[in-house]
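[1] A predicted structure for the sequence below; I have some questions about it.
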Amino acid sequence: MENQIFQLQYAIDTFYFLVCGALVMWMAAGFAMLEAGLVRSKNTTEILTKNVALFAIACIMYLLTGYAIMYDGSLALSGIEAFSLDTVLADSAENGFDGDSVYSGASDFFFQVVFVATAMSIVSGAVAERMKLWSFLVFAVVLTGFIYPLEGSWTWGGAEVFGLYSLEDLGFSDFAGSGIVHMAGAAAALAGVLLLGARKGKYGPNGEVYAIPGANLPLATLGTFILWMGWFGFNGGSVLKLGDAANAHSVAMVFLNTNTAAAGGAVAALITARVLFGKADLTMLLNGALAGLVAITAEPSTPTALQATLFGALGGVLVVLSIVTLDKLRIDDPVGAISVHGVVGLLGLLLVPLTNDGSTFTGQLIGAATIFAWVFATSFAVWFLLKVITGIRVSEDEEQEGVDLVECGMEAYPEFMGK
């Protein structure tokens with residue numbers, strides 16, 4: 001009977017894990033649509049190419065090296081057979097079917113790999129419209145195969161930071177990845193943007209900031225709703241299990257808080273934009289919803305629904321202010337990714353101790369600094385090497401023509417290009 005109960009729980013938990021992983025994979029479509037909508041039409045094909053290619057690269061690199069680095073070789077390419085059903089059942093029988101880690105190791109890998117792709121997707125939008133495609137893809141290999149996994153080994157993997165200190169012992173907590181995934185992706189993006197420079201015509205000689213509107217706001221809106229939906233898998237799947245009453249209740253609270261935080265962020269950003277600009281800015285509304293989602297991701301299980309709404313609203317206000325500030329600093333981010341995922345990712349980490357007694361502000365600050373310093377420094381080094389060796393930016397003429405034709409040899413909207 002005990003074995004039968006275990007197998008039922010194993011089936012439920014594994015199925016739940018896989019469905020949540022599929023939802024997170026669907027976020028790749030959300031990033032692709034959001035970014036495609038917020039860039040100019042002449043750069044659409046290239047950004048779609050980047051989003052599909054980076055997802056494929058992430059899947060391969062995390063299989064080859066990433067998971068092994070992050071979890072101490074528990075799923076190296078040569079060790080996948082360790083997750084056979086016979087092995088899982090034998091280990092569970094030895095432990096008395098205690099219910100710990102009751103899900104397939106293969107499903108765990110699948111769930112983790114889509115998180116890696118999410119981190120890399122964040123980079124795509126920030127460097128859009130002026131970066132060379134193949135330089136971006138080479139960077140994707142390094143980030144997904146090494147930079148992110150090593151950072152993940154110090155956080156979710158439980159390893160010490162270069163043998164010096166343990167973030168877990170310091171009270172660092174990041175439930176689903178406000179820092180581990182989102183701030184990490186933003187740090188890599190910031191390093192690339194600083195070396196890449198702004199798009200031609202974005203800033204004037206006397207500090208002027210010129211808007212460069214996206215080509216398809218309906219597409220950007222669709223992308224935001226896809227991301228909103230996928231986030232239920234992102235946060236909900238991080239509960240890891242469903243097959244008992246306590247975990248089922250936790251999943252329900254995570255879904256509830258994820259949704260209401262997004263709503264709070266959207267409304268707060270819309271109001272903030274109205275106050276600052278005198279208009280209802282759709283792009284700020286979209287980024288506000290995403291900011292609310294990022295803010296709650298660090299800890300969606302312990303706040304009340306009202307607290308989650310307020311946390312999301314804080315993210316919505318902050319993201320508008322951050323986007324405006326980065327423009328004043330002449331840091332050109334076409335989709336607002338650095339603000340949404342980086343600045344608000346830090347906010348999410350700092351909100352955790354307000355509702356989770358197992359974390360500390362000191363631990364959160366040290367964890368955030370560790371993640372940012374590692375990812376930014378290593379990413380900057382890789383971007384710099386690429387800049388020296390192959391170059392990372394297209395020429396002014398190529399940028400003017402659009403990277404679709406330059407990098408991909410085709411246009412997303414050929415019938416509207418006046419030819």
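    Right, received. Where do you want to start?
[2] Can you name the element that comes right after the helix or strand bottoming out on mean pLDDT in the chain?
    Sorting the helices and strands of the chain by mean pLDDT, DSSP states H and E puts helix 85-94 at the bottom, at a mean of 60. Downstream of helix 85-94, the first helix or strand assigned by DSSP states H and E is helix 105-126.
[3] Tell me which residues of that next one come out buried.
    105-126 (16 or more other CB atoms under 10 Å). All C-beta spots, glycine's among them, are computed from the backbone N, C-alpha and C.
[4] Give me the spatial nearest neighbour of residue 43, chain neighbours excluded.
    The shortest distance from residue 43 to any residue other than its chain neighbours is 4.7 Å, reached at residue 129 (CB to CB, 6 or more residues apart in numbering).
[5] wait, the one you found sits on residue 38?
    No - the pair residue 129 / residue 38 is not scored as a contact, 9.8 Å apart, by CB atoms under 8 Å.
[6] Could you pull out the residues contacting both of these two?
    residue 334 (CB atoms under 8 Å, 6 or more residues apart in numbering).
[7] More neighbours: which of those two?
    Set side by side, residue 129 and residue 38 show more neighbours around residue 38, with 27 against 23, by other CB atoms under 10 Å.
[8] Now the more buried one: phi and psi?
    phi -100, psi 0 (degrees, to the nearest 10).
[9] Tell me who's in contact with residue 209.
    202-203, 327-328.
[10] Including distance to residue 361 and neighbour count, could those residues go into JSON lines?
    Formatted as JSON lines, the contacts of residue 209 follow (distance: CB to CB, whole Å; neighbours: other CB atoms under 10 Å):
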{"residue": "202", "distance to residue 361": "37", "neighbour count": "18"}
{"residue": "203", "distance to residue 361": "36", "neighbour count": "18"}
{"residue": "327", "distance to residue 361": "30", "neighbour count": "19"}
{"residue": "328", "distance to residue 361": "29", "neighbour count": "10"}
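[11] Of these, just say which sits nearest to residue 153.
    residue 327 (35.5 Å; CB to CB).
[12] Dump stretch 287-305 to PDB, restricted to CA.
    Extracted C-alpha coordinates of stretch 287-305, given in PDB (Å, rounded to 0.1, in the frame of the first residue of the first chain):
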ATOM      1  CA  ASN A 287       6.100  46.700 -18.200                       C
ATOM      2  CA  GLY A 288       4.200  47.400 -15.000                       C
ATOM      3  CA  ALA A 289       2.400  44.100 -15.100                       C
ATOM      4  CA  LEU A 290       5.800  42.300 -15.700                       C
ATOM      5  CA  ALA A 291       7.400  44.300 -12.900                       C
ATOM      6  CA  GLY A 292       4.700  43.100 -10.500                       C
ATOM      7  CA  LEU A 293       5.400  39.500 -11.600                       C
ATOM      8  CA  VAL A 294       9.100  39.900 -11.100                       C
ATOM      9  CA  ALA A 295       8.600  41.600  -7.700                       C
ATOM     10  CA  ILE A 296       6.600  38.700  -6.300                       C
ATOM     11  CA  THR A 297       8.700  35.900  -7.800                       C
ATOM     12  CA  ALA A 298      11.300  36.000  -4.900                       C
ATOM     13  CA  GLU A 299       8.600  35.000  -2.400                       C
ATOM     14  CA  PRO A 300       5.100  34.300  -3.700                       C
ATOM     15  CA  SER A 301       4.100  31.800  -1.100                       C
ATOM     16  CA  THR A 302       4.200  33.700   2.300                       C
ATOM     17  CA  PRO A 303       2.500  37.100   1.600                       C
ATOM     18  CA  THR A 304      -1.200  37.600   1.900                       C
ATOM     19  CA  ALA A 305      -3.000  38.500  -1.300                       C
END
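[13] where's it relative to the chain centroid, distance-wise?
    Stretch 287-305 sits 13 Å away from the centroid of its parent chain (CA atoms, centre = their mean, to the nearest Å).
[14] Same question for that stretch: list its buried residues.
    287-303.
[15] likewise stretch 372-384?
    Per 16+ other CB under 10 Å, stretch 372-384 contains these buried residues: 372, 374-376, 378-380, 382-383.
[16] any idea of the pLDDT on residue 77?
    Residue 77 carries a pLDDT value of 53.
[17] Same question for residue 4.
    Predicted confidence (pLDDT) for residue 4: 75.
[18] for it, what are its contacts?
    Contacts of residue 4 (CB under 8 Å, 6+ apart): none.
[19] Report the separation between it and residue 195.
    Note on residue 4: its distance to residue 195, by CB to CB, to the nearest Å, is 58 Å.
[20] just residue 105 next, same as before
    On the measure of CB to CB, residue 105 and residue 195 end up 39 Å apart.
[21] And for residue 49?
    Distance from residue 49 to residue 195, by CB to CB: 22 Å.
[22] do the same with residue 139
    On the measure of CB to CB, residue 139 and residue 195 end up 11 Å apart.
[23] shared neighbours of these two, anything?
    residue 383.
[24] So for these two, which sits in the more crowded spot?
    Neighbour comparison, residue 139 and residue 195: the larger count goes to residue 139, with 26 against 17 (by other CB under 10 Å).
[25] wait, isn't that one in contact with residue 384?
    No - with contact defined as CB under 8 Å, residue 139 does not reach residue 384; the gap is 11.0 Å.
[26] So which bits of stretch 329-345 are buried?
    Residues 331-345 are the ones in stretch 329-345 that count as buried (16+ other CB under 10 Å).
[27] what is the mean pLDDT for that stretch?
    Rounded mean pLDDT across stretch 329-345 is 97.
[28] repeat for stretch 186-197
    pLDDT averaged over stretch 186-197 gives 98.
[29] Mind listing what's buried along it?
    So for stretch 186-197, counting by 16+ other CB under 10 Å, buried means 186-193, 195-196.
[30] Looking at the buried residues of stretch 372-384, which is nearest residue 62?
    Out of these, the member with the shortest distance to residue 62 (by CB to CB) is residue 375, at 16.0 Å.
[31] low-scoring pLDDT stretches of the stretch 151-300 of the chain, where are they?
    Of all residues in the stretch 151-300 of the chain, none has pLDDT under 70.
[32] Same question for the stretch 301-419 of the chain.
    In the stretch 301-419 of the chain (pLDDT under 70), the answer is 417-419.
[33] all helices of it, in order?
    305-328, 337, 344-351, 361-389, 396-401, 403 (DSSP state H, counting those that start in this stretch).
[34] Between those helices, which one is closest to residue 281.
    helix 305-328 (8.2 Å).
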